[in-house]
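Colleague: Below are the sequence and a predicted model; questions follow.
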Amino acid sequence: MNYKHIKTIVAEMNENIMFLEPKFDKALIGSGQRCGEETVAVYSSTECIKILMKVDKMSDLEAYEHFEGTLSVDKKTPYKPIFISDFRKIKIPTKKELDEIADIFEDSKEQEEC
């Protein structure tokens, strides 16, 4: 299902629903509810950050800070979107990979001390 179809379905669930600006449509993953509240739009925070990096040419840190400081801010409305961290698309390093990274940092520290 494409994001345009998802947005149409979600909009039909609640006429007061708040969507982010259109550049974030591809980060829309569906709908959800907070306990006892109206249906709201649900976005992938991971995809929102990727969009900020691609469309607005932000670094990963700038995009994260913008997301945390602007998009995910608590607005005083029951219709604000929910953001989820989509861990399915994040590669978590193995212990071996983490050990290799630690070794690289350790080697670089030793070289600086010389």
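Modeller: Happy to help now that I have it.
Colleague: all strands of this protein, in order?
Modeller: For the chain, the strands defined by DSSP state E occupy 28-33, 39-44, 82-84.
Colleague: Just name the most buried of the ones you listed.
Modeller: Of the strands of the chain, the one with the most neighbours on average (mean count of other Cβ atoms under 10 Å) is strand 39-44, at a mean of 22. In this view, the C-beta of every residue, glycine as well, is placed from N, C-alpha and C.
Colleague: Grab the nearest non-local neighbour of Ile49.
Modeller: In this structure, Ile49 finds its nearest non-sequential neighbour in Ala63, 4.6 Å apart by Cβ to Cβ, 6 or more residues apart in numbering.
Colleague: Kindly apply the preceding question to Asp60 instead.
Modeller: Asp60 sits nearest to Met53 (Cβ to Cβ, 6+ apart), 6.2 Å away.
Colleague: And Lys80, by the same measure?
Modeller: Nearest to Lys80 is Met18, by Cβ to Cβ, 6+ apart, at 5.5 Å.
Colleague: separation between Lys7 and Lys80?
Modeller: Per Cβ to Cβ, to the nearest Å, Lys7 is found 16 Å from Lys80.
Colleague: Spatially central, which residue of the chain would that be?
Modeller: Taking Cα atoms, centre = their mean, the centroid of the chain lies closest to Ser45, which sits 1.3 Å from it.
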